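**Q** Sequence and computational prediction follow.
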Amino acid sequence: MQITANGTACDTASVVTSLSVDGQAVSLSGSAPCLDFSSELTSQWGLNLITALAQNQVGATTNLVQSYLRSPQYFGSSAKGANATGGKAASEGVPTAIRMNLNQALVDDNDRRDPDDMATLFQVELNSIDLNSQLPQTLRVQPDANGDGQVDRHTCNCFSPIPDITIYKTGYRVTRGTLSTVGWSVNFAQLADAGLKISASLEHPVVPVTVTGYLDPGCTVACTTRSQTIKSVSGTVGMDRLDITATFSVRVGSNGLPQVDICSSCVSVDTFNPYLDIDFGALEFLDPFIHLSDLATTIVTIFKSQLQNIAESAVRNVLPPTLQQIIDSLRPEATVTLPAPMNTVLNLDSTFDQIQLGGSKPNGYLLADLSVAVTPAHPVMGNGYGSIRRDGSPPSFSATGYALGVGLKDDFINQFLWAAWSGGALELDQISAAGCDAPNGASVTMSAKLPPVVMPGTNGHQLDIGLGDVYLMATDPLPASSSKSIPASSNVTLYASGIVGASVNFDTDSGKLVLTPEENPRIEVQIVSAPEGADLEALASQYAGFLQCALPELLSQIVGALPVFSLPIGSLGVSGIPPETKWVFGDDAVAARPDPYFSITGSVVVK
């Protein structure tokens, strides 16, 4: 859009004879020493630079470099108020700041050798459950009117002098030994519109059983013999396999965090070839009373029912929290510390805008949109505005071709840059630490008066990144040239603004975004003060060259600290997964620029 810049050009020692603004000659009007001017300028969204050059009638020139931000809207922030009051800073959340698209390969890659997918984590989690502790030791007692787990007894009143005797009633008691299985195997985990469907099998569950039979001989016999018939037989009860299928739904809860639900009818359990292997020969005395064939059926039925209940309980109570934790771990880390020399701490508060399951076998997907608010832990800069706002539609990801897609919104990146600036990341006592040498060995301090801004790319670049009104003081510089001797303690002060064209790539080794700036970015410098007689044009050129190195390096460090994807599966509490284990992008990950987002797509590996 076009804007009008109005101003005055003043010279108290001579008369201003010419003025150019952004390289275009501008008419002057009015009376010396200050002449008025007005210039029509093209203004872009984001950071804009204005340069002006004035010349007087004796040929002396002076320049001005000024920058400003332009946007119809900004995100809200209390950083300035927090800075003044010492309170905690807060930022308005960026909607759909991060979009994540989890495809079928991340849910189930059909390979259980390493935990690089959800299905394998579910299998590890299921196998960590102690089924044996959940199966009752006593499977069946009959009769047991008082529920004490023992066959009921009664007392015979014998004739004196024979003492009374307490004996068991006719019945039986079934107890078990230790349950053994081949283990759980997750057959598949599938994403679809209806939810996440999981099928698992418990292979060859077998448990030793002991059946103890009791025969009540009657009080006459018991008083006389002082005994009764009690015999035990042992065997095994088991089955070839138990299959369980469950469907989980996923939604965003009222707290903005994921909620995994499973309905009452969303679990089905099937058993295959249940059996009882036992010889009831020693208990034939019970057959007239309890029918041993019915007892065999009862034992199998009880074992099958109890195992079904335990399996369903495991799936209902163990897997949903695990899935919920995995999805919740898609949120970026809550605290990011920028590298030296900045060392600024940023807080990230994130919630889910939406979680959507879609597609169909085998091309299902889980799409999660995250709202993120970035604030400095200790704000030191503020201008009454939050970060610049552009909005825009999120990218669409394919349901095939890669396991994971991540999109980072420009608004999120700009709020991250703004929070870094507000937190003092660009208030540096010595910027030579960025790896670039200041002119003539000067010690240079830096204070950025505006936050960095990512903008749509121009001239073939993926993006432009601007940083304006950077104030620098160079201590003990050696001048570029001088007509006389310059004291060693002299200082140079200047303002600089720049717009750097760049591309963004993804480093799979570090898991970070890499900002690659153009070779010679545009850096404009205005010398404010310098030793008398110094060549101001040469100084400006030297510091522009220095800043062409230093500013992109500093900005690259901030961009490199942006959280992309690192899911700490070791913190899920899944047995056997080391605490430091995490999911990260594989070596095939690639970055792209679906404006206004940056996207990374690729496989996921365990690190």
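**A** Cool, got the structure. Residues are numbered from 1 along each chain as shown.
**Q** Out of the helices and strands in this structure, which is least certain?
**A** helix 79-85 (a mean of 50; mean pLDDT, DSSP states H and E).
**Q** same for whatever helix or strand comes next after that one, what does it pack against?
**A** Helices and strands here follow DSSP states H and E; after helix 79-85, the next one along the chain is strand 94-103. Here strand 94-103 touches strand 345-358, strand 365-376, strand 404-409, helix 410-422, going by 3 or more CB pairs under 8 Å, 6 or more residues apart in numbering; DSSP states H and E. (Glycine included, C-beta is placed from N, CA and C.)
**Q** neighbouring strands for strand 94-103, and are they parallel or not?
**A** strand 365-376 (antiparallel), strand 404-409 (antiparallel) (DSSP bridges).
**Q** Tell me the helix or strand right after it.
**A** Assigned by DSSP H and E, the successor of strand 94-103 is helix 104-107.
**Q** tell me how far that following helix is from the chain's mean position?
**A** 17 Å (CA atoms, centre = their mean, to the nearest Å).
**Q** Strands of the stretch 201-350 of the chain, start to end?
**A** With DSSP state E, counting those that start in this stretch, the ranges of strands along the stretch 201-350 of the chain come out as 206-215, 229-238, 241-252, 258-261, 267-272, 275-278, 335-337, 345-358.
**Q** Spell out which strands sit alongside the longest one in the sheet and which way each one runs.
**A** In the sheet containing strand 345-358, its partner strands are strand 335-337 (antiparallel), strand 365-376 (antiparallel), by DSSP bridges.
**Q** What of the fourth one?
**A** Pairing partners of strand 258-261, with direction, according to DSSP bridges: strand 241-252 (antiparallel).
**Q** and the angle from the partner strand to strand 267-272?
**A** 170 degrees (axes from the mean of the first three to the mean of the last three CA atoms, to 10 degrees).
**Q** Show me the shaky parts of the stretch 201-350 of the chain.
**A** Low-confidence segments of the stretch 201-350 of the chain (pLDDT under 70): none present.
**Q** now the helices and strands packed on strand 94-103 as a markdown table including distance to residue 30 and mean neighbour count?
**A** Formatted as a markdown table, those follow (distance: least, CB to CB, whole Å; neighbours: other CB atoms under 10 Å):
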| stretch | distance to residue 30 | mean neighbour count |
| --- | --- | --- |
| strand 345-358 | 49 | 19 |
| strand 365-376 | 45 | 24 |
| strand 404-409 | 47 | 25 |
| helix 410-422 | 38 | 28 |
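**Q** which one of those lies closest to residue 55?
**A** Among the helices and strands packed on strand 94-103, helix 410-422 comes nearest to residue 55, with 35.2 Å by CB to CB.
**Q** can you give me the helices in the stretch 501-607 of the chain?
**A** 536-560 (DSSP state H, counting those that start in this stretch).
**Q** Adding distance to residue 18, write the helices and strands packed on strand 94-103 out as JSON lines.
**A** Shown next, in JSON lines, are the helices and strands packed on strand 94-103 (distance: least, CB to CB, whole Å):
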{"stretch": "strand 345-358", "distance to residue 18": "47"}
{"stretch": "strand 365-376", "distance to residue 18": "45"}
{"stretch": "strand 404-409", "distance to residue 18": "45"}
{"stretch": "helix 410-422", "distance to residue 18": "36"}
